[in-house]
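Asks: what follows is a protein structure lacking sequence information:
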């Protein structure tokens, strides 16, 4: 029997404007997280279609139950991120083009690749989430707490549920495909696609969100882009793009923590990797406890002050 729970959330993004720069203390992280919202909509739409296509090939009842709960959790994530992005589009209508382009990338992937490839895609990407999101959740006091509580609470909920279903995609992949060699072989193309989609989102931010609202060059999260712009400054006759400053989202985090997360990402792609054995963020356990106690997790940082 699956241990996953499907939780429906309403973060009230329609109640008032959704700022692009939702954490003013870290514009680079604000931009990166916004790109995750756009990616999530396309990726999770693909997952729902994928699981429905894969169901006839899942013969074990417990795996079928896990797949259904996994799909429904991802469906809830997509719905919430759509509300977040809808709020951004209200303020910056051109971002509708960006959202359409991101969704189109995943629609084309669904149309052009077999089920086994997309199962491997999902397993490979989902395997990286626990170490990455642990890094973020372990530093919530600087990455999330200073920001718009609706947006912060959306990402905290999403990330702790990714931790909750950290093994689901690999369980489904192993049930249907069961080839570590295939999963490793396609991993480079998987991550090339992920980075391409994120670049589409970030380029859209640069195009449609005024610099005074985003403060940073949204493409600066890519090291290759930062290096290219640095080179353009050094070579005579070439001008760098004038899209804002280029900090990194994690500049204020400890180097050791970042290296631990990087090691977890690399480990997640190796044969025999079991996400169930990953070290989990303390905040995830606290979130599940408070949710079960009836705390308003859609206002993670401000619910107490509102109710008092």
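Replies: Good, I have the coordinates. All of these numbers come straight from a predicted model, not from anything done at the bench.

Asks: and the pLDDT at the closest residue to residue 257 other than its chain neighbours?
Replies: Once flanking residues are discounted, residue 257 sits nearest to residue 135: 5.9 Å by Cβ to Cβ, 6 or more residues apart in numbering. Using the backbone N, CA and C atoms, a C-beta is placed for each residue, glycine as well. The score at residue 135 is 97. That number is its pLDDT.

Asks: name the element residue 135 belongs to?
Replies: When elements are assigned from DSSP states H and E, residue 135 belongs to helix 115-137.

Asks: tell me the spacing between the residue nearest to residue 257 and residue 298.
Replies: 23 Å (Cβ to Cβ, to the nearest Å).

Asks: just residue 38 next, same as before
Replies: Residue 38 sits 21 Å away from residue 298 when distances are taken as Cβ to Cβ.

Asks: and the two? which has more neighbours close in?
Replies: A side-by-side neighbour count of residue 38 and residue 298, using other Cβ atoms under 10 Å, places residue 38 first with 26 against 18.

Asks: residues contacting that one?
Replies: Residue 38 makes contact with 81, 85, 98, 99, 102, 201, 204 under the criterion Cβ atoms under 8 Å, 6 or more residues apart in numbering.

Asks: buried stuff in stretch 113-121?
Replies: Using 16 or more other Cβ atoms under 10 Å as the test for burial, stretch 113-121 gives 113, 115, 116, 117, 118, 119, 120, 121.

Asks: backbone dihedrals for the nearest residue to residue 270 once chain neighbours are set aside, please?
Replies: Nearest residue to residue 270 in three dimensions, chain neighbours excluded: residue 184, at 7.8 Å (Cβ to Cβ, 6+ apart). Summarising the backbone geometry of residue 184 under the convention degrees, to the nearest 10, its torsions are phi -70, psi -40.

Asks: so where's the protein uncertain?
Replies: Of all residues in the chain, those with pLDDT under 70 make up the ranges 1-2, 236-241, 305-308.

Asks: make it 50
Replies: When the per-residue scores of the chain are filtered using pLDDT under 50, the ranges that remain are 308.

Asks: please report how far the residue positioned nearest the centre of it lies from residue 132.
Replies: The structure's the chain has its C-alpha centroid closest to residue 36; by Cα atoms, centre = their mean the separation is 4.2 Å. Distance, residue 36 to residue 132, by Cβ to Cβ: 10 Å.

Asks: next one: residue 59
Replies: Looking at residue 59 against residue 132, where the rule is Cβ to Cβ, the gap reads 32 Å.

Asks: between these two, which has more neighbouring residues?
Replies: Residue environment comparison for residue 59 versus residue 132 gives the larger neighbour count to residue 132, 16 against 9, counting by other Cβ under 10 Å.

Asks: with adjacent residues omitted, what lies nearest to that one?
Replies: Taking Cβ to Cβ, 6+ apart, and ignoring the residues beside it in sequence, residue 132 has residue 261 as its nearest neighbour in space, at 5.9 Å.

Asks: and the angle from the one helix or strand that neighbour maps to to helix 115-137?
Replies: In the assignment (DSSP H and E), residue 261 maps to helix 255-267. Between helix 255-267 and helix 115-137, the angle formed by their directions is 170 degrees, by axes from the mean of the first three to the mean of the last three Cα atoms, to 10 degrees.

Asks: what comes up buried for helix 255-267?
Replies: Judged by neighbour count (16+ other Cβ under 10 Å), helix 255-267 contains these buried residues: 261, 264, 265.

Asks: since that was my last question, I'll sign off now.
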